[in-house]
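Student: mind looking at a prediction? Sequence and model below.
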Amino acid sequence: MSKKDLRLKIDELSSSIGVFKGLDIQIGRIVDDEWDEPMGPTPFPSIGTLRDWDRKLLERYKPFYMPLCDLCCLCTFGKCDLTGDKKGACGLTMAAQQSRIVLLACCIGASTHCAHARHMMNHLIKVYGRDHTLDIAINTNVQAPNTRLVCGIRPKTLRDLEDALDYVETQLVQLVATAHTGQEGDNIDFESKAFHAGMLDHVAMEVADACQISTLDFPKGVADAPMTEIGFGSIDTSKVVIMCIGHNVLPSVDIIDYLMENKLFEEVEVGGLCCTAHDNSRYDKRAKVLGPISWQLRYIRTGIPDVVVVDEQCLRTDIVDEAQKIGAPVIATSEKSMLGLPNRTHDPPDEIVDDLVEGRTPGVLILEPDKVGEVAVKTAFKMKPKRAGFKPLSMEKLIELAGTCRSCIKCVRACPNNLPIMDAVKAAAEGSVDALAEIQPMCVGCARCESACPQNLPLVSFLTKAADEKGMTDSFAIRVGRGAVTDVEIREVGRGIVFGEIPGIVALVGCANYPRGGLEVADIAEEFLKRRFIVVATGCAAMDLALRKDEDGLNLYEKYPGNFDAGGLLNIGSCVSNAHITGAAIKIANIFAKRPLRGNYEEIADYVYNRVGAVGIAWGAMSQKAASIASGCWRLGIPVIVGPHGAKYRRNLLGRADKEEDWMTLDGRTGEEKYVGPVPEHLFYSAETLEEAMVMTAKLSMRPNDTTKGRAVKLSHYIDLHKTYYGAMPDDLHLYVRVEADVPFTMKKEVLGIIKDKGWEEGKIGMLDPTLLDRMVRRKS
Amino acid sequence: MSKKDLRLKIDELSSSIGVFKGLDIQIGRIVDDEWDEPMGPTPFPSIGTLRDWDRKLLERYKPFYMPLCDLCCLCTFGKCDLTGDKKGACGLTMAAQQSRIVLLACCIGASTHCAHARHMMNHLIKVYGRDHTLDIAINTNVQAPNTRLVCGIRPKTLRDLEDALDYVETQLVQLVATAHTGQEGDNIDFESKAFHAGMLDHVAMEVADACQISTLDFPKGVADAPMTEIGFGSIDTSKVVIMCIGHNVLPSVDIIDYLMENKLFEEVEVGGLCCTAHDNSRYDKRAKVLGPISWQLRYIRTGIPDVVVVDEQCLRTDIVDEAQKIGAPVIATSEKSMLGLPNRTHDPPDEIVDDLVEGRTPGVLILEPDKVGEVAVKTAFKMKPKRAGFKPLSMEKLIELAGTCRSCIKCVRACPNNLPIMDAVKAAAEGSVDALAEIQPMCVGCARCESACPQNLPLVSFLTKAADEKGMTDSFAIRVGRGAVTDVEIREVGRGIVFGEIPGIVALVGCANYPRGGLEVADIAEEFLKRRFIVVATGCAAMDLALRKDEDGLNLYEKYPGNFDAGGLLNIGSCVSNAHITGAAIKIANIFAKRPLRGNYEEIADYVYNRVGAVGIAWGAMSQKAASIASGCWRLGIPVIVGPHGAKYRRNLLGRADKEEDWMTLDGRTGEEKYVGPVPEHLFYSAETLEEAMVMTAKLSMRPNDTTKGRAVKLSHYIDLHKTYYGAMPDDLHLYVRVEADVPFTMKKEVLGIIKDKGWEEGKIGMLDPTLLDRMVRRKS
Amino acid sequence: MSAKMRTGQTAEIPGPKKAHVIPQPKVAASLIKKAKRPLLVVGSNAPKLKTNDGDLVDSAIRFLKTGVAVVATGHLVKTFRDRGTEVYSMPFMNLGDRLTDPDWAGFDGEGPYDIVVFVGSLYYMEWLVQSGLKSFAQDLRTLSLSNTYQPNASWSMGSMPVKNWLTALDEILKELEEEK
Amino acid sequence: MSAKMRTGQTAEIPGPKKAHVIPQPKVAASLIKKAKRPLLVVGSNAPKLKTNDGDLVDSAIRFLKTGVAVVATGHLVKTFRDRGTEVYSMPFMNLGDRLTDPDWAGFDGEGPYDIVVFVGSLYYMEWLVQSGLKSFAQDLRTLSLSNTYQPNASWSMGSMPVKNWLTALDEILKELEEEK
Ligand code: SF4
Ligand code: SF4
Ligand code: SF4
Ligand code: SF4
Ligand code: SF4
Ligand code: SF4
Ligand code: SF4
Ligand code: SF4
């Protein structure tokens, strides 16, 4: 399958059926004839193709911009002051500049996944061949739903995935170009382009995960994926310790393979941070998960790792300096993160090991994954005894150093969360590290406090030591990433979701830039698991929710099953596995509702938006990847909630519940336009507190298509959560109750009383076959 | 030719030689067997392949960073304070962040050209077919030298160019990914990646220009390309006026074709701004060039255009508002710049015209170039009489408005060049617009003054009106863009350039963000033309140098010939034509010196760096494209000078003439390392004044390989310019005189006296077969 | 530069358009007093901030009693309710968005607010919302009463020690109460 | 905020690390006097800036006579030469770069400068060079003597009317000359 037409002119060709001379073959677009689904209207959409759909959403959910800076500094005309109604030297407005930065962030995010996919693909094709068959999930025909939906192709081999990547790359370059000075000028057009980047990102992520699942034999959508351990306590420090950081599993695979082949796994701990950890454990459950991105520094400061292997994305960019401090060599493995290290790809492994062990270089760059295993393992074995003398910060030293604090409060001002470090340091100087230990779980490990400290106090080490002292460095169970949701699962729950009887799907995704620590993610998960939502998780969030045990010593992974059904808790996998979450929504439309998938983006998005009560929560969203992942959800009509730091993405997309005219929706049966209420109220929303986020999640799970039974279930959760956290009934119930039957049975009297006081009348809010697309009306008539 | 291997499995194939069933063809990489040049070491280099070469350059030319901001604001961990030795929450240093922004700028720039190329290519293939033969320049075998050098392919058809674009896109996505939080950490690795983006940009530009030259029959490297007119005076305002802005010629081509087919060209003026103007005039010399980017607003404020057609890049993003003010409809034609306008691509032309003429919409979006011509022309004809009533700012009104100035000085503080607008406005209030008229040529037309003015005075209109009043809006000759330098020309001048007898090639390129007006570009051009350098120009610079006449009423294009030889002045063309400038340098190595070209980047760059005395000057460099174009020059070893605003690119790449050890160079004959003097001294350099830039240009034209005769010529220019502008002999001549014979004959005594006082000794500075590459030594032995 | 200009977080730099520093509590009080429809926005940090009245929620209730409309963001309204006081409740983001709409007639539908006073929010979140208002609600006057300078407001208290801030807050309230 | 803190161009915002404003000419003079190896950097705008001595080039020559080393950037050295005075000459960018090198021993090879004083440069170019020095020559003390605040210097004159600036410059020079 190729997206281009093709002409071959070959002087001599020898093939299995004979030898041809002067062969001249011309072939147009080669399509997959075996796929009987006809091509939809928008295969391989370009940057403007889905603009109308985007504008429909963006008219409802208008951007509220919060500039992170008054200026634009992107060209030498600048810096330009854009405050108020001032324009830049290129004519740009503040609104356009904010959306331009959103677009750039989404482009960087999507490029990151796409580049990662391309890099892996090249390697995997070398090893497994271009014709390697894709095998992504058990019991599943609709593999790679994002790719099918967007590209209109049905990938069967690695080769087919390359076509999807080609397309994503071409489009991303178009989008990045748009950010050039003097191109796009309209903020809504910028937003639409950001949506495009997000959609592309989900294709890129799907490709990345599809190729690694298929070749490396990761769990293929199984509910009972194996358990492994997470947390500092999971590492047996008497063993040799290799720490792997990043997102590209290939170098780690080589480490694991080398350990297996050489029967050394018993003597070595392979601990990962960030998505490499997820993917290592998907490859071999003996690989341990140390924790999310925010734990890198913390873990290095323990002094335990004997060698640090980094690949790409979400690394501490000062990792070489930090590893040097504990005498651990660094092995960099990606052209994207070369970290200034000498390229030793083509040198004999033993020479490299020798140079690392002798400290002739703080680290090396090895671009061939097949060489990383040997070098990393040999180096680690030799370093272990050499490093035996390393002493991490002692309690005495901590207290002594704490005494030198000048009370300048620079640490607090530098801390993204304004954590009260100064006071804790002063308490430590008096001998008590309780305050430090209390801070530690809320610390995102960024070391800005250290950087700002005029006394150069190693404050992150202070926190780590204090927490350790208090026994806060435990080990927890984590089910390894299972990958996609299977067709069979979709078939079973589709109805419940679409008609609202399963109250919703809550997706806990993204990074660890939490306002008050990662345990809040466990709080959210537990709240919605108890309420029998389906809870899916990926990336750092899938790790953080594991980090609390109940009285019985069990954590959420141990208490809730891993299948895609009400009350299920699914670790989907690493960041690239996020594509399976949108993929599940798409498959509900395709498999359950039989909507055509192929190149049919608008109809599917319209379906998901109006019928699938899914809500994404990226409580600690930090990165450009998080931005593009969210953006891909928006275009598909899935609302996303972020924590307070998420407001730094520069805008929210907010609906106006008070404007009836904003919520007019077509009835697919009649073509009539009807008010459906503000469902879902927002598309992108930054919550100030966890409690606010939970109540909002319940509210955002409502959809116009809910049956009365479904709406009643959803309302009951909304009301219940609201009562708990806001201390009263919600005051907007009149916007969500369509008919009396929508009201949860046990609350009927109370609710009807309230809403009638607000002038509620039955039938004002329509119950219909909801769609935003004109052409969907005819389809039904 | 395809960069991928290929497998075809076709159930039934009918071809000219028969019908095949069950055909299964597997083909590996298909190479161009007719090209007998063997493949070099680095075809299709990835983002790390040329890192060693980059590091060689970057060790000599270290970045001097000038942060435009103390902070990083690229993720939600931020904003991070990076001043001093502080690090961001991701571990990033200030140096790394600055180089990361440089990389991002270069990626945006290269993406812009690549996206433009892809967009044109798709259209041109539709019209001309994928097999359309490339025909880029007369008397030329080495077509597309950048593509040959970088990709190792020899493009012959549009199809072949697509392979180059595929590669560029893949690489750009890798580079953009690198800018993600937590990927690259080393500033020099970021710089190397920025070089990579620059190199890719030259391939993308070459592809873009190659495809339009070949299909639209632009001048193909002819010295005597036709003359057209530039300047406001070039437009006959009694005619219907269509104004085209941007960089993509296709919609304008359709306008011109429509005028031709309907025999309307006599009644219509088609005036272009920015590169669309260049390319329009390459297509048909009857198209007029209004001026560079900075004249957009100015020209609109005259009220003359009847319709404004915009395509992409370098637009005023507020063009719709501005056009509205003069009652001219806007036709947007690119998905990249949709400007919030309704998409009317699929509506009947007359309906669109009607809506525009009746003012039902301020503009429309038409994505099919084939429809733009009809709509633009018909609309313009109907608007002309309707707009007859439009009155631009009158002198009385100007004076009246000027009287309302509050003397708040906000306009001056907002002006990028601190032009004394307030005083000029106050003088105008008193009745004299002389001061306003004096400011106008130095004004970059950015309207930041207007934007800042609390009285909302239309200051740009003030300036335009005042200048018009003083008769400063003339018309000038401009030779249209000729395209590539031909092989024959290269053969003729190669020797003179490589041995230094032609003192140098000065490339005047880039945008119009001048510190003191565009006429400075004419000053530079004239200075070096008189000195018999080869002067090549593109983009806005090629326009600005036309804008002054001498006493005899002649401008530089009229006084100097258009061939690539000493004293020649070449308008190469639009921004994408910049690839022909690097292409010429590459071809000198290949054609004159017979160095192999194919996939052989390092050797060719080493050759150009050490032997070809080319200097780029982007006096008004503004855009991200200018950044990436310059970056492509750096990797090839061509130094670039920018004006003072260019320092806002955040860093210079500066050599240290005082450090002998930095200038050690291998002798290709012996392998010995010798000191060669600081030639060229800098790689990227921001000059404060024009005079400084001119003296530096002469200095930077020296190369280690200069013959004594060549060095003497170059030194004589350097000395002469230095005496003129610095009032004395340079004090660094001892670094450039290698042997007595290097000293210009007429200055022998004086110079030798001076340098001997400085301890100069003959022979200390080596004369050798210079190379930075170890492997080049063996090659010669 | 005066210590008062120091921002609440290191990297939060004031831009070309910056808040006026409130020189004295009286000035803040008179800004509020002069307004016809003032709105006090109380952020979710309020219960953690001790004041002379107890905590910032208690102080906000004092504001309410002087006739200033009060809205709690996050889920803070529960704390008010727990203390027997009903105030408006709205997510901070929604509120920021509504305030950029000149047609929004306020919680009571009586018309737009003419001064919006902020207190008790997360520093960076208020910074951002104020930034949105600075550019997109240019006619709205905003006042930040935290003890750290908020550059994006129209007026802001300067950064000051907690003790001074407590006194200042008290003085403002007293001024408002006197008027009553 | 005090008028003195207003930057020379609207969008040039002071960052977290900002120049101290020189409260009085004397302070500037004493900073220079106390230095062992002061360097005055004179930018290419100098001839256009009229001072009590004639123009800024003339004033720079007065500085030179008090023993301060002077370097002219751009091609300004010609103006000095035309007036019969020899000063150092170096492109502004080069100079910035050298100043970040702690091993650079100055124009006379006698060792690093301990205070670098700027005057007469294009506002934005000085802003940028000072920014480079702020982060990459942290131990270098810099002083900007223009009449607009330069936030990236260690010390800067505040923004002030030209008249006041002329007087201030004169006072600084007189202080330096007295010492001689
Ligand atoms: S891109 Fe536009 S707004 Fe930004 S700095 Fe350049 S001219 Fe100013
Ligand atoms: S490391 Fe922790 S305590 Fe320090 S600044 Fe970062 S979040 Fe705050
Ligand atoms: S920054 Fe360092 S010295 Fe200052 S208060 Fe914090 S710990 Fe103490
Ligand atoms: S946009 Fe960011 S980098 Fe640019 S000036 Fe503002 S804070 Fe600084
Ligand atoms: S990318 Fe790094 S330096 Fe920049 S804001 Fe994010 S954490 Fe801070
Ligand atoms: S339009 Fe001209 S005068 Fe006005 S700010 Fe721009 S450059 Fe200065
Ligand atoms: S900004 Fe306007 S009012 Fe102020 S000085 Fe300039 S022209 Fe006059
Ligand atoms: S030279 Fe610069 S401003 Fe001019 S058209 Fe090209 S990119 Fe635009």
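Tutor: Perfect, thanks for sending it. Ligands and ions are numbered 1, 2, ... in the order given.

Student: OK, contacts around the residue in the stretch 651-781 of chain A that ligand 2 sits nearest to?
Tutor: Proximity of the stretch 651-781 of chain A to ligand 2 (Cβ to the nearest ligand atom) peaks at A:L690, 17.6 Å away. C-beta coordinates here come from the backbone N, C-alpha and C atoms, glycine included. Applying Cβ atoms under 8 Å, 6 or more residues apart in numbering or on different chains to A:L690 gives the contacts A:R516, A:E520, A:D523, A:I524, A:W619.

Student: farthest pair in the residues you listed?
Tutor: Largest separation among those by Cβ to Cβ: A:R516 and A:I524, giving 12.4 Å.

Student: phi, psi of A:D189?
Tutor: phi -70, psi -40 (degrees, to the nearest 10).

Student: now the longest helix along chain C: mean pLDDT?
Tutor: In terms of residue count, the longest helix belonging to chain C (DSSP state H) is helix C:162-179. With pLDDT averaged residue by residue, helix C:162-179 scores 93.

Student: now do the buried residues in it.
Tutor: Using 16 or more other Cβ atoms under 10 Å in any protein chain shown as the test for burial, helix C:162-179 gives C:W165, C:L166, C:A168, C:L169, C:D170, C:I172, C:L173, C:E175, C:L176.

Student: go on, stretch A:355-372?
Tutor: Buried residues in stretch A:355-372, counted by 16+ other Cβ under 10 Å: A:355-357, A:361-367, A:369-372.

Student: neighbouring contacts of that stretch?
Tutor: By Cβ under 8 Å, 6+ apart, stretch A:355-372 touches A:123, A:250-251, A:253-255, A:307-309, A:320, A:323-324, A:327, A:329-335, A:338-339, A:341-345, A:349, A:352, A:375, A:379, A:382-383, A:386, B:48.

Student: phi, psi of whatever residue of the stretch 651-781 of chain A ends up closest to ligand 1?
Tutor: Closest residue of the stretch 651-781 of chain A to ligand 1, Cβ to the nearest ligand atom: A:R651 (17.3 Å). Backbone torsions for A:R651, taken as degrees, to the nearest 10, come to phi -170, psi 150.

Student: ok, A:R516 and A:I524, which is more surrounded?
Tutor: The neighbour count for A:R516 versus A:I524, taken as other Cβ atoms under 10 Å in any protein chain shown, is higher for A:I524 (22 against 15).

Student: spit out the contact partners of the more buried one.
Tutor: Per Cβ under 8 Å, 6+ apart, neighbours of A:I524: A:V506, A:L508, A:L545, A:I617, A:W619, A:L690, A:A693, A:M694, A:T697.

Student: is there any residue in stretch A:92-103 that contacts ligand 5?
Tutor: No: against ligand 5, stretch A:92-103 shows no contacts by Cβ under 6 Å from any ligand atom, the least distance being 12.2 Å.

Student: quick one: that stretch near ligand 1?
Tutor: Yes: residues of stretch A:92-103 contacting ligand 1 under Cβ under 6 Å from any ligand atom: A:L92.

Student: so is that stretch next to chain C?
Tutor: Yes: counting by Cβ under 8 Å from any Cβ of the partner chain, chain C has neighbours in stretch A:92-103: A:M94, A:A95.

Student: next, see if that stretch gets close to chain B.
Tutor: Yes: applying Cβ under 8 Å from any Cβ, one finds stretch A:92-103 in contact with chain B at A:L92, A:T93, A:A96.

Student: now do the phi/psi pair for A:T771.
Tutor: For A:T771, the backbone dihedrals are phi -160, psi 150 (criterion: degrees, to the nearest 10).

Student: can you pull the contacts of it?
Tutor: By Cβ under 8 Å, 6+ apart, the contact list for A:T771 reads A:D606, A:N610, A:T665, A:L666, A:D667, A:G668, A:V777.

Student: tell me which residues are up against stretch A:36-50.
Tutor: Against stretch A:36-50 from outside (Cβ under 8 Å, 6+ apart): A:3, A:31, A:150-153, A:167, A:171, A:174-175, A:178, A:192-193, A:195-196, A:199, A:596-603, A:635, B:335-336, B:338, B:343, B:367.

Student: which of those count as buried?
Tutor: A:3, A:150-153, A:167, A:171, A:174-175, A:178, A:192-193, A:195-196, A:199, A:597-603, A:635, B:335-336, B:338, B:343, B:367.

Student: appreciated, that's everything.
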